[in-house]
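Q: Sequence below, structure please.
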Amino acid sequence: MKEALLRADSVVYNQASTGQYLEKLFERMGVVEQLKAKTTRYPSAAQVMEHIIRGSGYEIGFGPITEIRDFEPKGLIFVAPLPADVQNYTTYVAAVMNDARAPDAGRDFVRYLTSAAARRTFAATGVESSLY
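A: Okay, the predicted model is just below:
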């Protein structure tokens, strides 16, 4: 990964949580200074994807897998997730509040989120899911 970043003509990522994580990762990798002059950052992942689609040369763009998959029909190529030793995951939790207006519907929805059908839907969009 380090070699690919250093060889790239351009490195593109967002200013949101993905970009914040990448900044820290690049610091840990010791490449921040080498990347500074060739880095472009955008407010959103969608803007990163549009930049990469329009780009030329050897550019590397980073974004959430779900966002990248949304842009594949427009010509974007999802190469691979970050290597496991540097991967970052966002955890989401679903719960029904004690005073919910429709607690049964809420429980049904949470149950659905843990179903095989929902897991297939998540996987198709690039979301890894695990149940704890």
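Q: what helices or strands is the top helix by length along the chain leaning on?
A: Of all segments of type helix in the chain, defined using DSSP state H, the longest is helix 17-29. On a contact count with 3 or more Cβ pairs under 8 Å, 6 or more residues apart in numbering; DSSP states H and E, helix 17-29 meets helix 2-7, helix 32-36. The C-beta positions use only the backbone N, C-alpha and C, and glycine is treated the same way.
Q: looking at the ones you listed, which is buried most?
A: For these, the largest average neighbour count (mean count of other Cβ atoms under 10 Å) is found in helix 32-36, namely a mean of 13.
Q: May I have that helix exported as CSV, CA atoms only?
A: Once non-C-alpha atoms are left out, helix 32-36 reads as follows in CSV (Å, rounded to 0.1, in the frame of the first residue of the first chain):
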residue,chain,number,x,y,z
VAL,A,32,2.1,12.3,5.0
GLU,A,33,4.8,14.7,3.8
GLN,A,34,5.4,12.8,0.6
LEU,A,35,1.6,12.8,-0.2
LYS,A,36,0.9,16.4,0.7
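Q: Summarise which helices and strands it is packed against.
A: helix 2-7, helix 17-29.
Q: Other residues contacting it?
A: Here helix 32-36 makes contact (Cβ atoms under 8 Å, 6 or more residues apart in numbering) with 5, 6, 11, 23, 26.
Q: Out of the residues you listed, which comes closest to residue 111?
A: Closest approach to residue 111 among those (Cβ to Cβ): residue 23, at 38.5 Å.
Q: Which residues are in contact with the closest one?
A: residue 32.
Q: mind checking how far it is from residue 57?
A: According to Cβ to Cβ, to the nearest Å, residue 23 stands 23 Å off from residue 57.
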